[in-house]
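*Asks:* okay, predicted coordinates and the sequence, questions at the end:
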Number of protein chains: 2
Amino acid sequence: MSNDKKLVEAITSMEEDFAQWYTDVVKKAELIDYSSVRGCMILRPAGYAIWEKIQQELDRRFKETGVENVYMPMFIPESLLQKEKDHVEGFAPEVAWVTQGGLEPLQERLVVRPTSETLFCDLYANIVQSYRDLPKLYNQWCSVVRWEKTTRPFLRTTEFLWQEGHTAHATAEEAEERTQQMLNVYADFCEEMLAIPVIKGRKTEKEKFAGAEATYTIETLMHDGKALQSGTSHNFGDGFAKAFDIKYTDKNNKLQYAHQTSWGMTTRIIGAIIMVHGDDSGLVLPPRIAPTQVMIVPIMQKKEGVLEKAFALKEQLSNSFSVKVDDSDKNPGWKFSEQEMRGIPVRVEIGPKDIEANQCVVVRRDTREKLVISLDELQERLGEILETMQKDMLDRAVAHREEHTNIAKNYEEFKTIAKDKPGFIKAMWCGEEACELKIKEDTTVTSRCMPFEQEKLSDTCVCCGKPAKAMVYWGKAY
Amino acid sequence: MSNDKKLVEAITSMEEDFAQWYTDVVKKAELIDYSSVRGCMILRPAGYAIWEKIQQELDRRFKETGVENVYMPMFIPESLLQKEKDHVEGFAPEVAWVTQGGLEPLQERLVVRPTSETLFCDLYANIVQSYRDLPKLYNQWCSVVRWEKTTRPFLRTTEFLWQEGHTAHATAEEAEERTQQMLNVYADFCEEMLAIPVIKGRKTEKEKFAGAEATYTIETLMHDGKALQSGTSHNFGDGFAKAFDIKYTDKNNKLQYAHQTSWGMTTRIIGAIIMVHGDDSGLVLPPRIAPTQVMIVPIMQKKEGVLEKAFALKEQLSNSFSVKVDDSDKNPGWKFSEQEMRGIPVRVEIGPKDIEANQCVVVRRDTREKLVISLDELQERLGEILETMQKDMLDRAVAHREEHTNIAKNYEEFKTIAKDKPGFIKAMWCGEEACELKIKEDTTVTSRCMPFEQEKLSDTCVCCGKPAKAMVYWGKAY
């Protein structure tokens, strides 16, 4: 058991140093490795497999709403990026520039895409002529680059993977409907698949996307009480359409500008899975998103019949679950620790005595609950256990968020909570950027969103005391 | 029918101008669009959907052999690219250079990956220590950039999509076995899914990959008699391992260098599908790779019950096939032309009279054969028709290749065939690069591969007359 202990001891505990715990988990669970390129990470098989599951599930949900996938170039000519004023101001300071191709300097510099609004607009201007061509509901899966000064695995990296949906519609109403629809796709996905509850709301003017009329967001709360922006959906109105001249002839033969949206979710969401569900033994993956759901660990695997039985079980269970057998030449304790570190939801232990008794030991990753289960009932019971675990994980995350959400009715309360109680703060706001800036200056807290579910906590802004316009979720954010 | 005619007439015929026909098809079938970025193309939904089908199927086949997916950074530091001498010489002249990040010039220039051997080697040097860590069987799906002077949709573009597999093994034998295994995966995929027959063989020293010990290739023949390199698999021996110091401790506790392979297939293969199977009405997709297999075209769709019946049929058939209904407000002739242009394998026409007679008209895209089929038998018959079509398409492609493969026993014959008979030329070769260069100079023909299935056509090199070492497939290539 000495190896086993060593592995577990090598992780910093969450309470001691949450940031170090996070870094330990992403490395030890072999989700990522650092690369020779500043700020870029390598997604190793265990990390990429989670992204593949996320992709499959989101892609299916997108396509159910009529979305089609495309692929756009990774380069954007400087002149194209500059077409929409707010947009270029938002992104130009943090992009990578290609200045030479082959042996020749380029006539015009190219940006490595930080996001692809400009390219999609350029395409839509070419292919949209009539109301018959609308809506266009395109999405792409790709990587984007933003030249970040400080980086952190999954949360903020120079290059990251994402999907970016870009749609064009005949009317403002349709664009608004699509913006909200996609936010709901993200919210449902997080709750149903990742067991992560979300706050849906609208970003303030200060926090919205460069070039958008409105940005909607889902905000999630991590174990340490910090917030994570986990998915956004933007309504552009006809601003980009005017900058890029995206016009169509309507049914009355009149020229109209199109209305557009965009929406994205990134590998950052893997950081949320880690920081919402993880514990001091490592990762804990919600069963529905776990690439491997069941790890069978043979006990005394050199005894006759043990490995055979383990692989026979795997064969049988693979109809319903994604199952692996750890038949490496490590000792069982070490294997247990590895399975726990990797967050595999359920472990099945089976040895000679279990085989004799026609049973096995099943251990849940989240609660460590141990169950002795007859092999005849294993398939059915595992299904129940995984479903229960998925539900319990969501319930615990909801409870954690409730416990870490506080109401501030005046600025003294606000500052005390910001200092002493990690988590969301609900408080009223006048709508002025000045108050957001002051709050950030005083407490490092920022506005996360104006939730769709508004409450009237008081009549006045928590900061300046002027009449309040909205309730805001505030928090320290990743 | 006037619209219909116009659409078809707008394509250049294959016989008249094959290159123009190709460009017309990729545009009119809406597979691609040109972008504002020189040499980069936009993969539109119809084009990207084909790539998604290719990805799904290849990915499944890779994973069956134990391959795991990862994601590596898109940038490579200049110093890393330079570690393997042949490799950097092969790629440095045709890469894109990032020289500025954010507002600052970079200390070290970055290359946008043209291929990722150097990054995988860097990773393997870090994570491979013991024989227990081997083999590593990693693959990634991504885009790469090569600064091409002249470009052509799918066939040669500045940025293209591909997969690149990179493996590390304990022994030379295992690496060689993997190199051949993956070539066979490509070959089987092309024949079984794309109905494209391949010649498997080894590249000459002149044509092999920069840094490889051996490059294996699958070569396919297009309708115009030109060859297309359609997938390659490289054995690196321990050359990269020595340059990057990838060493492991073997079972006897001795340090050994790893042996490596890499293998790739790209969006170029979509060009092969177009040029092997297409005709003067547009694309013809093999049923197994077609994103939409059946297009239902309602006739007199405004008559009561027609659209309902069409959608009921779709519902029923969707259990077995991928089916769409074209209920747009275009006339049927126009819809037929569009379905043909897009290469959808089967069209089902159904109108009021058909419904009355409980039947429909089924039209095969490849042969234009029209069949009247009872609705009760439709599901079963469609399955047979699609399977037959898949088989017939492969048979025709094999026959076309046989008809366009000629044997040259001496140089006069070789030159005459090269001039008059488009297609592969089989001829003996002495093994000297000088003869490859002379042949290319005289005829523009290049060596495609030394096929695994060798024949002894004569004792002497077709070019210089010295003793022959191998039979080579020669051809003009894309």
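*Replies:* Yep, that arrived.

*Asks:* off-centre distance for the one helix or strand A:Thr217 maps to?
*Replies:* If you go by DSSP states H and E, A:Thr217 is part of strand A:214-221. Offset of strand A:214-221 from its chain centre (C-alpha atoms, centre = their mean, to the nearest Å): 11 Å.

*Asks:* tell me which residues are up against it.
*Replies:* Residues outside strand A:214-221 that contact it (C-beta atoms under 8 Å, 6 or more residues apart in numbering or on different chains): A:179-180, A:183, A:186-187, A:190, A:196-203, A:207-209, A:227-235, A:272, A:276, A:400-401, A:404-405, A:423-424, A:448-449, A:473, A:475. To be clear about C-beta, it is placed using only N, CA and C from the backbone, and glycine gets the same treatment.

*Asks:* ok, now which ones touch the residue of the stretch 351-478 of chain A found nearest chain B?
*Replies:* Closest contact between the stretch 351-478 of chain A and chain B, by C-beta to the nearest C-beta, is at A:Tyr478 (20.5 Å). With contacts taken as C-beta under 8 Å, 6+ apart, A:Tyr478 has the following neighbours: A:Arg152, A:Leu155, A:Arg156, A:Met222, A:Lys226, A:Ala227, A:Leu228, A:Gln229, A:Gly271.

*Asks:* over to A:Lys136?
*Replies:* A:Tyr124, A:Ile127, A:Val128, A:His166, A:Thr167, A:Ala168.

*Asks:* and for A:Ala427?
*Replies:* Contacts for A:Ala427 were tallied using C-beta under 8 Å, 6+ apart; they are A:Ile407, A:Ala408, A:Lys409, A:Phe414, A:Leu457, A:Val462, A:Met471, A:Val472, A:Trp474.

*Asks:* and the residue nearest to it when sequence neighbours are not counted, how many neighbours?
*Replies:* Using C-beta to C-beta, 6 or more residues apart in numbering or on different chains and skipping the chain neighbours, the partner closest in space to A:Ala427 is A:Val462 (3.9 Å). For A:Val462, the tally of surrounding residues (other C-beta atoms under 10 Å in any protein chain shown) stands at 28.

*Asks:* related to what we said a few turns ago, looking at the contacts of strand A:214-221, which are in strands?
*Replies:* Counted as lying in strands by DSSP state E, out of those, are A:199-202, A:227-235, A:405, A:424, A:448-449, A:473, A:475.

*Asks:* could you list the low-confidence segments of chain A?
*Replies:* A:1-9 (pLDDT under 70).

*Asks:* how about TSV for the contacts of A:Tyr478, with neighbour count and distance to A:Thr12 added?
*Replies:* Shown next, in TSV, are the contacts of A:Tyr478 (neighbours: other C-beta atoms under 10 Å in any protein chain shown; distance: C-beta to C-beta, whole Å):
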residue	neighbour count	distance to A:Thr12
A:Arg152	17	15
A:Leu155	20	17
A:Arg156	16	20
A:Met222	27	16
A:Lys226	18	17
A:Ala227	23	22
A:Leu228	21	20
A:Gln229	19	26
A:Gly271	22	17
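
*Asks:* show me which pair in the residues you listed is furthest apart.
*Replies:* Among the contacts of A:Tyr478, the pair separated by the greatest distance (C-beta to C-beta) is A:Arg152 and A:Ala227, at 15.1 Å.

*Asks:* residue contacts, A:Thr158?
*Replies:* Residues near A:Thr158 by C-beta under 8 Å, 6+ apart: A:Val37, A:Arg38, A:Gly39, A:Cys40, A:Ala96, A:Val145, A:Arg146, A:Trp147, A:Glu148, A:Thr151, B:Gly101.

*Asks:* repeat that with 7 Å
*Replies:* Residues in contact with A:Thr158 (C-beta atoms under 7 Å, 6 or more residues apart in numbering or on different chains) are A:Arg38, A:Gly39, A:Cys40, A:Val145, A:Arg146, A:Trp147, A:Glu148, A:Thr151.

*Asks:* these two touch, right, the fourth one and A:Ala96?
*Replies:* This points to A:Val145. Yes - using C-beta atoms under 7 Å, A:Val145 is in contact with A:Ala96, at 5.0 Å.

*Asks:* who touches both of the two?
*Replies:* With C-beta under 7 Å, 6+ apart, A:Val145 and A:Ala96 have common neighbours A:Val112.

*Asks:* and the residue of the stretch 151-300 of chain A closest to chain B?
*Replies:* Closest contact between the stretch 151-300 of chain A and chain B, by C-beta to the nearest C-beta, is at A:Glu159 (5.8 Å).

*Asks:* and the strands in the stretch 201-350 of chain A, which stretches?
*Replies:* Counting by DSSP state E, counting those that start in this stretch, the stretch 201-350 of chain A has strands at residues A:214-221, A:227-237, A:247-249, A:255-257, A:259-266, A:294-298, A:323-325, A:346-350.

*Asks:* next, format the ones you listed as TSV and append distance to A:Glu356.
*Replies:* Below are these laid out as TSV (distance: least, C-beta to C-beta, whole Å):
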stretch	distance to A:Glu356
strand A:214-221	47
strand A:227-237	49
strand A:247-249	74
strand A:255-257	75
strand A:259-266	49
strand A:294-298	14
strand A:323-325	20
strand A:346-350	11
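
*Asks:* which one of the ones you listed lies closest to A:Glu52?
*Replies:* Between A:Glu52 and those, the tightest spacing by C-beta to C-beta is seen for strand A:259-266, at 14.2 Å.

*Asks:* how many neighbouring residues does A:Lys251 have?
*Replies:* Residues contacting A:Lys251 under the criterion other C-beta under 10 Å number 9.

*Asks:* show me what contacts it?
*Replies:* With C-beta under 7 Å, 6+ apart, A:Lys251 has these contacts: A:Tyr131.

*Asks:* now do the phi/psi pair for it.
*Replies:* The phi/psi pair for A:Lys251 (degrees, to the nearest 10) reads phi -60, psi -20.

*Asks:* which bits of the stretch 101-250 of chain A sit near chain B?
*Replies:* By the rule C-beta under 7 Å from any C-beta of the partner chain, the part of the stretch 101-250 of chain A lying against chain B is A:101-103, A:110, A:112, A:119, A:122-123, A:126-127, A:143, A:147, A:159, A:161.

*Asks:* okay, A:Thr232 and A:Gly165: tell me how far apart.
*Replies:* 11 Å (C-beta to C-beta, to the nearest Å).

*Asks:* distance of A:Pro135 from chain B?
*Replies:* Going from A:Pro135 to chain B by C-beta to the nearest C-beta, to the nearest Å gives 13 Å.

*Asks:* who touches that residue in this structure?
*Replies:* Shown in contact with A:Pro135 (C-beta under 7 Å, 6+ apart): A:Thr167, A:Ala168, A:His169, A:Glu174.
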